[in-house]
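>>> pasting a predicted model and its sequence here:
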Amino acid sequence: MAEDAPKKVLLMMGCPEVPVQMSIVLYLSHKLTKAGLDVTVAGTDAANKLLKVSDFDGYYVKNSVDLDQCIVDIIEKRTDFDICFAFMHSDAGMAFAATMSAISKAKLYAVVFGRNAEALAETIEFNCEKIVAKAVHNPNPLKNKIDKVIAGLVS
Amino acid sequence: MSCIEQMKYTLLLEKTSFKEGREFIEKNSDEVYYIDPGYKIFKDYYIIGVPPIAIGAKGRDLIFTYVRPCYGTFVMKIESEEEIQRLRDREKERLMASLKKGIRAEVHVSDKPVDYRSVFK
C-alpha cells in the first residue's frame, strides 16, 4: 500500500439484535469516511441486510462485506486493515474479536455494549483498546466514547 | 456458510459460551491439542475463538468449537482420522522444534579454559 493511501478501517459487526450497534456503525462509518479513511463494514447476513435497508443509497457505508469471507480473506492474506473496531455484546462477539486480534495486524478497538457490557469487557484478555458503554437502546453513551476515539484517530 | 454445515456432524453442546465449549472438549476427549485462531480444518473452515483453543480427538472423531455470531458456541464432532493425524503431526513438529531450541539454549560454550576441579565439584 502506498504511504499516502488512506488508512483502511474495518467495522466488524456482531449479532444485530442490540439496536445501538447499527446506529453506531452508520455513524462511525460516515465520520471516518468523511475524515478520509477507507472504511469497510463486515457483518453476518442479517446484519448486512439491516445495513442495506438502513442505508440503501450507500451514503454512510461505501463498502460492506460478509463477515466469514472477510475473516477468510485476512487469514489467506488477500486483505488486511490498519484499524479494526470489533463490536461485541456477547461471548460470540468476543470470540470473533479475539480471532481478529490473532490474525490481523490492525490496531484493535473492542466496542463493548449491551446490558452486560462491563462484565463482558472485564473478560477480554487479548491486546486491544476497550470502548465500553452499557448501551442497548440509547446510543449516546457509546457515541460519546466513540467520539473521543475518532478525535484521536483523525487529529 | 462453510463446508462444516454440509458435513455429517453431531452436536455435543449448543449455544454455549466459548469457555464452556473449551472445558467440554478438555474433559471429553482422549487427546487435546491447542491451536491458534485461524487454524484451518476440513476444506474451508477456519477456527474462530479465544486462545487457547482446544481441539479434541476421541476415537476417530474430531471434536471442536464452531462459533456463530447470533447463536454462540457449538461443540461438534465429525469423523476424520485425517484431521486428527494432521494435529498429531503438527504437535510432533512443534515438540521437535522446541526441543532443538532448548538444546541450543542449554549448551553454553565458555571462552575461558575449563577448570576440571570445578567440573568434579
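Looks like it came in fine.
>>> pLDDT score for B:Met1?
Note on B:Met1: pLDDT of 55.
>>> what does chain A have sitting close to chain B?
A:14-17, A:44, A:46-47, A:67-68, A:71-72, A:75, A:90-96, A:98-99, A:101-103, A:125-126 (C-beta under 8 Å from any C-beta of the partner chain). (Glycine included, C-beta is placed from N, CA and C.)
>>> just the ones in helices from those residues, please.
A:46-47, A:67-68, A:71-72, A:75, A:91-96, A:98-99, A:101-103 (DSSP state H).
>>> may I ask you to name the longest helix in chain B?
helix B:81-106.
>>> ok, and the helix or strand in chain A with the lowest average confidence?
Ranked by mean pLDDT, DSSP states H and E, the helix or strand of chain A with the weakest confidence is helix A:140-154, at a mean of 94.
>>> cool, and chain B?
Per mean pLDDT, DSSP H and E, helix B:116-120 ranks last in chain B, at a mean of 59.
>>> drop anything exposed from the ones in helices among the residues of chain A next to chain B.
Neighbour counting by 16 or more other C-beta atoms under 10 Å in any protein chain shown classes A:47, A:67-68, A:71-72, A:75, A:91-96, A:98-99, A:101-103 among these as buried.
>>> re the thing from before, alpha carbons only: can I get the least confident helix or strand of chain A in CSV?
Only the C-alpha atoms of helix A:140-154 are listed here, as CSV (Å, rounded to 0.1, in the frame of the first residue of the first chain):
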residue,chain,number,x,y,z
ASN,A,140,-25.4,8.3,23.2
PRO,A,141,-23.3,6.8,26.0
LEU,A,142,-21.4,4.7,23.3
LYS,A,143,-21.4,7.6,20.8
ASN,A,144,-19.7,9.9,23.4
LYS,A,145,-16.9,7.4,23.9
ILE,A,146,-16.5,6.7,20.2
ASP,A,147,-16.3,10.5,19.6
LYS,A,148,-13.2,10.7,21.8
VAL,A,149,-11.6,7.8,19.8
ILE,A,150,-12.5,9.4,16.5
ALA,A,151,-10.9,12.7,17.6
GLY,A,152,-7.7,10.9,18.4
LEU,A,153,-7.7,9.0,15.0
VAL,A,154,-8.4,11.9,12.7
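>>> which parts of it are buried?
A:Pro141, A:Leu142, A:Lys143, A:Lys145, A:Ile146, A:Val149, A:Ile150, A:Leu153.
>>> stretch B:60-68 now?
With the criterion 16+ other C-beta under 10 Å, stretch B:60-68 contains buried residues B:Asp61, B:Leu62, B:Ile63, B:Phe64, B:Thr65, B:Tyr66, B:Val67, B:Arg68.
>>> tabulate the residues you listed (JSON lines), appending distance to chain A, pLDDT and secondary structure.
JSON lines is the format used below for those (distance: C-beta to the nearest C-beta, whole Å; pLDDT from 0 to 100; DSSP: H, G, I helix; E, B strand; the rest coil):
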{"residue": "B:Asp61", "distance to chain A": "22", "pLDDT": "98", "secondary structure": "strand"}
{"residue": "B:Leu62", "distance to chain A": "19", "pLDDT": "98", "secondary structure": "strand"}
{"residue": "B:Ile63", "distance to chain A": "17", "pLDDT": "98", "secondary structure": "strand"}
{"residue": "B:Phe64", "distance to chain A": "13", "pLDDT": "98", "secondary structure": "strand"}
{"residue": "B:Thr65", "distance to chain A": "8", "pLDDT": "97", "secondary structure": "strand"}
{"residue": "B:Tyr66", "distance to chain A": "10", "pLDDT": "97", "secondary structure": "strand"}
{"residue": "B:Val67", "distance to chain A": "5", "pLDDT": "96", "secondary structure": "strand"}
{"residue": "B:Arg68", "distance to chain A": "7", "pLDDT": "95", "secondary structure": "strand"}
